[in-house]
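Asker: Just the structure for this:
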Amino acid sequence: MLAVLGSAVVFCDLRNPHVQAGILLLFMYAVLGVWDDRQKMRQGCGLSVRKKFALQMCGALLVAALVYRAHCEQGCELAVVIPMSGYSIDLGLWFIPFAALVIVGASNAVNLTDGLDGLAGGCFLFAVAGMGTVAYVAGHAGLADYLGIERISASGEMAVIAGAALGAVLGFLWFNCHPAQVFMGDTGSLPLGGLLGLLAIVSRHEFLLLVIGGVFVVETLSVILQVLYFKWRQRRIFRCAPLHHHFQLSGWSESKIVVRFWIVSALCAIFGLACLRANDSGRVDGSLPATVAREAADR
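Answerer: Residues are numbered from 1 along each chain as shown. Presented below is the predicted three-dimensional model:
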C-alpha cells in the first residue's frame, strides 16, 4: 500500500479531485486494515463485524461525497449505466449512499476472496487492469465518443493509480505465490477492493464492475447463499464458503484452484471490456466519431 500511495503522489495530478478521493480512500482503508490485522495478531480476533462495517461505511460516504461534488462540478450525469442495454437510472443525491455501498461491497468482496495463496492478488490484477482501462477510456474524449459512453473528463487520471496498484500487487505476488511467504490480510484486501469500487463510480460504470470483477462477485454470493440457506433449511449448499474452499474440500489442489480462478477472472475482464463496445449501438459500421476525424484531419 505504501508503494501504491507513493506512486500516486509522485505520478498523479494531485489537483484532480478523483485522485484526491482515491488517495484518501486507500489511506483510510489501509489504516483500518492494519488496525484489524493487529487485533487478530494480539488477541486472536479482529474488529467486530458491525464496527468494521460502520468504519468502512463512514470512510466510503466521505469519499462518495467528494466524488459526487466532483461530478457535479464537471456537469456529469449522476446515473447508473446498465451495460449492453442503453438504459441508465438517474440517482441524484442518492448517488452518495449508492457509491458508498459499491465501495464497501467491492472492498469486502476482495477480502472474502483472500483465502488461498495468490488467489485474491491474481484475480485483482485482471480486475484492476479492466477497471483502470474503463476509467481511462471514460476520460478520453475521442474514445468515449467512439464507444458511445459518457465522458468523465477527470477520470483518466485514475488509470495511474490503477497502474500503481497493478505493479505493487505484481511485486507482492512474487512472495505470495504458493507456498506464501507474506499474506495480504485486511491491510491489503480492504483498500485494494475499495479502489475497484472507486474506479467504478468515478467512471460511472458500477454495473460493469459486477462483470469485470465476476470472481469476487461469485465468491461473495457463495457466502451469502450459504448463510441464508443454512438459516432457512439447516443445510449447506457448498461444502464450505467462500467458493474456493468448496473446491478445496472437493479434492482440488490449491494451485489448480488459484490458476483456474485467475483464468476466469481474465475472461471476466475481457468480457466486461467487450460490453463497452456493445454500448456503441449507433455506430455499427465501425466509423470514427466526428471528434476523432477532426483531430486526425488537423494532424
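
Asker: Strands of the stretch 1-150 of the chain, residue ranges please.
Answerer: According to DSSP state E, counting those that start in this stretch, the stretch 1-150 of the chain carries its strands in the segments 79-81, 88-90.

Asker: looking at those strands, which is closest to L225?
Answerer: For those, proximity to L225 was assessed by CB to CB; strand 79-81 is nearest, at 24.4 Å. (Each C-beta comes from the backbone N, C-alpha and C, glycine too.)

Asker: and the closest one, what other elements does it pack with?
Answerer: Using 3 or more CB pairs under 8 Å, 6 or more residues apart in numbering; DSSP states H and E, the elements in contact with strand 79-81 are strand 88-90, helix 206-212.

Asker: hmm, back to that, tell me which of the strands of the stretch 1-150 of the chain is the most buried.
Answerer: Ranked by average neighbour count under the criterion mean count of other CB atoms under 10 Å, those are headed by strand 79-81 at a mean of 18.

Asker: what sits up against that strand?
Answerer: Around strand 79-81, the neighbours that count as contacts under CB atoms under 8 Å, 6 or more residues apart in numbering are 87-91, 98, 149-150, 204-208, 279.

Asker: roughly how far apart are C58 and L32?
Answerer: With the distance defined as CB to CB, to the nearest Å, C58 ends up 10 Å from L32.

Asker: okay, those two: which has more neighbours?
Answerer: In terms of neighbours (other CB atoms under 10 Å), L32 is the more surrounded of C58 and L32; the figures are 22 against 13.

Asker: tell me the pLDDT at the more buried one?
Answerer: L32 is assigned 96 on the pLDDT scale.

Asker: isn't it right next to L55, touching?
Answerer: Yes - proximity of L32 to L55 meets the contact threshold set by CB atoms under 8 Å, at 5.5 Å.

Asker: Tell me which of the helices and strands packed on strand 79-81 lies nearest to A120.
Answerer: helix 206-212 (15.1 Å).

Asker: on that earlier part again, so which of the helices and strands packed on strand 79-81 gets nearest N108?
Answerer: Nearest to N108, of all those, is helix 206-212, at 13.5 Å by CB to CB.

Asker: Quick one: name whatever helix or strand follows the closest one.
Answerer: On the C-terminal side of helix 206-212, the nearest following helix or strand under DSSP states H and E is helix 214-233.

Asker: What residues sit buried inside that following helix?
Answerer: When burial is assessed from 16 or more other CB atoms under 10 Å, helix 214-233 yields the following buried residues: G214, V215, F216, V217, V218, E219, T220, S222, V223, Q226.

Asker: can you give me the offset of it from its chain's centre?
Answerer: 19 Å (CA atoms, centre = their mean, to the nearest Å).
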